[in-house]
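*Asks:* here is a sequence together with a model predicted from it:
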Amino acid sequence: MSTRQRPGRNWRRPAGLGAAGLLAVLWIVAVARDGRAGADPAGVDAGTRSVRERFFEQSVRPLLVERCYSCHAGAKHKGGLRLDSIEAILHGGDTGPAVVPGKPTDSLLIEAVNYQGLEMPPTGKLEPAQIDALARWVSIGAPWPSHDLASAHATPGGDASKGVLTGNGVHDQEPLWSFQPVRRPALPPPVATSNGDAADWTSNPIDRFVARKLAEKGLSPAPPADRTTLIRRVTFDLTGLPPTPTEVDAFLADDRDDAYERLVDRLLASPRYGQRWARHWLDLVRYADSDGYRQDAYRPEVWRYRDYVVRSFNTDKPFNRFIAEQLAGDELDPDDPELRIATGYLRLGPYEYNQRDVPGQWADILNDITDVTGEVFLGLSIGCARCHDHKFDPILQEDYYRLRAFFAPLLPRDDLPLARAREQDEYRARRLAWEKAAAGVLAELDKIAKPYRDRGAKSALAKFPDEIRAILAKPESERTPLERQIGALAYRQVAFEHAQVPKVLKGADKTRWKTLQEKLKPFDAMRPRDLVGVMAATDVGPVAPPTIIPGDRRARAIEPGYPVAIDSRPAHIVHPAAVPRSTGRRLALARWLGRAENPLTTRVAVNRIWQGHFGRGLVGTSSDFGRVGEPPSHPELLDWLASEFVRDGWRGKPIHRLILTSSTYRQAAHRRPEEVLRAARIDPENRLLWKQTVRRLDAEEIRDAMLAASGELDNRMGGPGEDAKGTRRSLDTRLMRNAPDPFLTAFDAPDGSGTTGRRVTTTTSTQALLLLNGHWTLGRAGALAGRVERASAGSTSARGAVILTYRLCLARLPDPNELAPAIDYLEPPRQSQKPARLGKLQKRARLIDFCHVLLNCNEFLYVD
Amino acid sequence: MDSWIPHRVTPLTRRDWLMQSGAGFGALALGDLLARDLAAATDRDHRATENPPRPPWLRPATARSVIFLFMEGGPSHIDTFDPKPELNRLAGRPLPPSFKPVITPMGEGRAPLMASPRRWKQHGQSGHWVSDWLPHIATCADELAVIRSCWSNGLNHVGGVCQMNTGSTLAGRPSLGSWVSYGLGTDNANLPAYVVMQDIPRAQVAGGPRNWGAGFMPAVYQGTRIDGGPEPIANLATPAEVGEARQRSKLDLLGRLNAHHQAPRFDQTELDARIKSYELAFRMQAEAPEAVDLASETDATRSLYGLDDPAAAPAGRLCLLARRLVERGVRFVQVYCGAGSRWDSHTDIETNHAKACRAMDQPVAGLVKDLKRRGLLDDTLVVWGGEFGRTPMSEKGNGRDHNPYGFTMWMAGGGVRPGITIGRTDEVGLHAIEDRLHVRDLHATILHALGADHTRLIYRHQGRPERPTVNEGLVCRKLFQA
């Protein structure tokens, strides 16, 4: 087995690796006490360590947890022994050290599990494979991940002063790589790669980092992709659309040295860029146009958030500003309608309109926004810590609630109009004037409605438990902040009943209602158009309700703060002067996330950009920068990009430009078989980027590319979502959580149920059937054929039709080997002497089929 | 240890290439595939041929196919197959301190115990206890091997469903069906090896389609969704206006274009998978309509599956489809009953479970009986269960919370001893305490029945030998011994 190590050596990570801060020093001291730190050769490379630690995580830790920890972990240490940290294991229990690294036969633990002497676990002997795993673990030196929260105290009753005591755990070790500060590395010197021609391969700094890694492994980069490939690749990557034939021609004809750079700049300036990259963002924030749950009500105004995201990308809004607007737009400027839309971020989760457990519902909403914020901005799956300290990452349960506390004062709002204060005043004045003028009619209407309203409210209230009714019975001014939140959420259900009134009127009331509505019409000229209310959020008031960890008997109030392992200081919260009814908590969180020193935000952000261009981030798990996630393939490059991002003012476009103009990005996606075989033996997953990756188009790209080819793409930007059966660009189609479009779903579009950091790409016969027999695809083939016919009107040349179809679908000309069979397909050669002129209909059918095949072919669905 | 390496990331020879990507969609049985390929190889490049090696994990099988009836959301074992008189006696009181307390998702661990109002009877020769919620399944009692001591790690739905499918609560590993189609292929190359159906097609199974995903294996091993209803496989039929001749000529052209495109990109397995997905689609067009057409079933058979009862018809249709699919060589069929966590009963379990039980009781019983009378039960393993059971403690007064600490599953057919009971839970049904069977043990056992040794079934991923149950899982031999 590849993981087998020589026993007795290198059992621990090298001392002082990385940032040897105080915590790391304490770690060394703790080990040195056992007299072995000095004997530990500092030679374990990260790869070997990760293999050994993975073995531990996969085969040993679960075993210890499952079979040993009920008696030998945390507060329990039967026989004086704990097995939840390496220090405790080495310290051992009443009978001495449990493990002698490298020496299974001298290790009491191994004796005990073999039932030689002690018989552990007493509930039943381990399986032979499990015993083997433990013995092997000891024989390879008992590796234990070096920054491990499980080791709360080094020894039973251990010395808590060794680390930072935080609730349930102690951070007494070096943090996770992603928690360490971003350091801008020096550029590696240019290296000659093994194919010798690399001296000028490196176009920009990115290539230096990539080339060095390749050279270390004896790999060489692929040759550059040809221009036809490049324009299709970069156009899809930046705009989500194929290049038009005109665009391809212009690029191929551009013989300036910087033709490609100009192309990249043109695409970055295109409004289509915002549409494409907004889609990535909408995946992350689980955007949908409906509520989810059973009712799945349509959200008529949520599209404004989608359009806001598109605008933000197109204007290259600094990312930290983008964060602040979404988390705390209302605290930045409560009068700016654009920022009101931005806070829609806080409202994108599912909502159940008839949930009677309102406090439970509110807790779910807060948990959801906390989880999503953790994954989207910090790249951490913090949800686990809601119930317990994170098993793998240095996230405490208390950290979770510290983060949640930023959102504790939140109040979902649908009453904030899309207008500035002045416009609102004008509206109110006009509305009052209208109400005054029509007062008589309005009063009569109200008289009819009142009993219905009261009945509706009564029935809504009856469904709530007593404590909710008690809250709603209190005047607003007497409610606590939490009661105001719960009351507001509960009142939505009452308001829902109120809104039903005109629909539930009966008999004479109904007739009279109609008559009165007619009488109201003469006043219409005075009546101002109602202001649009957006999905937004504010704080409930200047005082936040307390955040308490469920089940905490002491009911300690948790103050807002950050994961202790990153920043243990209390959050610095300033009441925003301009917004007296707000706590300033969310703005404080946004500012902290948007600090250049935040080790996660910038790394996570640039990694997502990288993922968008290579199909996989430098950290493959782009929403998990924790220990379960992948370590970066190019840690220095990641940090360099992150620091570059900050230097460029947190703007995405310069990073895109850097990546896209690198030689790394411009590599061909395929190379000679012998090269592939050789490289794949060294780096089978191409993590070192010895070529570009062939990528299947995303669901929206496939749909949009079909519409683009057929000439039907309705590329009006923004506005309410439309049915995906139509021809609007996919971004602007309506995503109902419970009824997503089957075409988009089949190609792995997310359904808005959870944050999606990286889409899965499946290949299924469902997709094949959809493309082959699906009504929608056939419709596009028909439209494409029509377009080709119209374009070649007057010409009878099948050749021309083939060429145009290729250009529209694949953004290239057919090569001679393709041209002839394609022409034959459209006009089968005569079989006999009889002149076999095809009828017009037959000809049309053949062209449609040909178009349909091109829309189905792999080259259409994949980008090199 | 494993001289025969079934999978390499880089195809070095055409045979490796086929090993890597070919056994998937429509997967031919592996041995067959090798034989064909070697024949092709001799024609093509005169490569020296040896006898195709037999995958080292193959063992004598007791079952040919699996039908996994997944009660999604977590059915209450203590109201269906695991009666607890003591629970009724203690009802209203908190869990006595002699029971090890548990974490429950809803924090109802200290809520009072709730009685099961079910009427219980022993059935058949086996004397299996079955509650009055399942009158039809009760009539098949003697076919069932009831395992009352299952346990898992997934406290919540997504983790629980993921583990029941992949062995792990964290997403990313291949599902059991994927392991089966990789390791054993199918007996019918014209149908997918691994089919997934949901009684509520629109609902989302907790965690979504990745539950039947192939994880780190090539996508060809993932499950194929088939829906009940008038059009079981979406877009299966060639549109009338196109017709078969045109369709065939289109597919020929498509094949040529794709081959041309793939040649320089030979290492991109997904391109090959997509080509194969079309080939399968075309073969499915020929075969599947017949396979999924219930019209040829007699009224008696339809009634047997509960198709006359609107409440039971959706699951009934799927159970009947499942029989037709295994009859035609599909290896692994998964039927979600109550898709979208419909078994989840945090409140009002009476109404919820009465409905969920009725929706599947007659269909499931019909399936077991129909398999039996057709002689298919001998080599079809039917597995019934959810991602967890439910707590003896009440939730919100009339519901039950999730209980992964002890719950019931049962098997029938496929070489499993009928009529036996394995394991037990404590007096209130909270913890499995005897012959505990973890999900990984369950997977090992299912693979064992299918003739695959879970410790030998290896897929190389990033150089590591990956096994379906990671390095764990014990076959429950008691299920098989005579």
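*Replies:* Structure's in. What do you need? None of the values given here were measured: they were computed from a predicted structure.
*Asks:* please count neighbours and contacts with C-alpha atoms only from this point.
*Replies:* OK.
*Asks:* residues near residue B:263, how many?
*Replies:* 11 (other CA atoms under 10 Å in any protein chain shown).
*Asks:* list the buried residues of stretch B:117-133.
*Replies:* Neighbour counts using 16 or more other CA atoms under 10 Å in any protein chain shown place B:120, B:123, B:126, B:128-133 of stretch B:117-133 among the buried residues.
*Asks:* what residues does the stretch 151-300 of chain B have near chain A?
*Replies:* B:202-203, B:219-220, B:224-225, B:233-239, B:246, B:250-251, B:253-254, B:257-258, B:261, B:264-268, B:270-271, B:273-274, B:277-278, B:280-281 (CA under 8 Å from any CA of the partner chain).
*Asks:* find the nearest non-adjacent residue to the residue of chain A found nearest chain B, please.
*Replies:* Going by CA to the nearest CA, chain B is nearest to residue A:765 of chain A, at 4.7 Å. Nearest residue to residue A:765, sequence neighbours excluded (CA to CA, 6 or more residues apart in numbering or on different chains): residue B:277, at 4.7 Å.
*Asks:* mind checking which of the residues of the stretch 151-300 of chain B next to chain A are buried?
*Replies:* Buried among these (16+ other CA under 10 Å): B:203, B:219-220, B:224-225, B:233-238, B:250-251, B:253-254, B:257-258, B:265-268, B:270-271, B:273-274, B:277-278, B:280-281.
*Asks:* okay, and which of these map to helices?
*Replies:* Within those, residues falling in helices by DSSP state H are B:250-251, B:253-254, B:257-258, B:270-271, B:273-274, B:277-278, B:280-281.
*Asks:* now those residues in JSON lines, with pLDDT?
*Replies:* Shown next, in JSON lines, are these (pLDDT from 0 to 100):
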{"residue": "B:250", "pLDDT": "93"}
{"residue": "B:251", "pLDDT": "91"}
{"residue": "B:253", "pLDDT": "94"}
{"residue": "B:254", "pLDDT": "94"}
{"residue": "B:257", "pLDDT": "93"}
{"residue": "B:258", "pLDDT": "93"}
{"residue": "B:270", "pLDDT": "79"}
{"residue": "B:271", "pLDDT": "85"}
{"residue": "B:273", "pLDDT": "79"}
{"residue": "B:274", "pLDDT": "85"}
{"residue": "B:277", "pLDDT": "80"}
{"residue": "B:278", "pLDDT": "84"}
{"residue": "B:280", "pLDDT": "76"}
{"residue": "B:281", "pLDDT": "79"}
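*Asks:* would you mind giving the residues you listed as CSV with distance to residue A:281 added?
*Replies:* Output for these, formatted as CSV (distance: CA to CA, whole Å):
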residue, distance to residue A:281
B:250, 38
B:251, 37
B:253, 38
B:254, 35
B:257, 35
B:258, 33
B:270, 26
B:271, 28
B:273, 29
B:274, 28
B:277, 31
B:278, 32
B:280, 35
B:281, 34
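*Asks:* report the two of these separated the most.
*Replies:* Distance extremes for those: the farthest pair is B:250 and B:270 at 21.2 Å, using CA to CA.
*Asks:* so for the helix ranked longest in chain A, what gets flagged as buried?
*Replies:* Using DSSP H, we find that the single longest helix of chain A is helix A:439-462. For helix A:439-462, the neighbour count (16+ other CA under 10 Å) marks A:441-442, A:445, A:448-449, A:452-453, A:456-457, A:460-461 as buried.
*Asks:* and if you look at stretch A:204-216?
*Replies:* By 16+ other CA under 10 Å, the buried positions in stretch A:204-216 come out as A:205-215.
*Asks:* quick check: mean pLDDT of the longest helix of chain A?
*Replies:* Averaged across helix A:439-462, the pLDDT comes to 91.
*Asks:* what's next to it, contact-wise?
*Replies:* A:435, A:469, A:493-495, A:497-498, A:501-502, A:504-505, A:509, A:513, A:516, A:519-520 (CA atoms under 8 Å, 6 or more residues apart in numbering or on different chains).
*Asks:* off-centre distance for that helix?
*Replies:* Here the centre of helix A:439-462 is set off from its chain's centre by 45 Å, with CA atoms, centre = their mean, to the nearest Å.
*Asks:* cool, stretch A:742-753 as well?
*Replies:* 15 Å.
*Asks:* report the contact partners of the closest residue to chain A within chain B.
*Replies:* Chain B approaches chain A most closely through residue B:277 (4.7 Å), counting by CA to the nearest CA. Contact partners of residue B:277, counting by CA under 8 Å, 6+ apart, are A:763-765, A:768, B:25.
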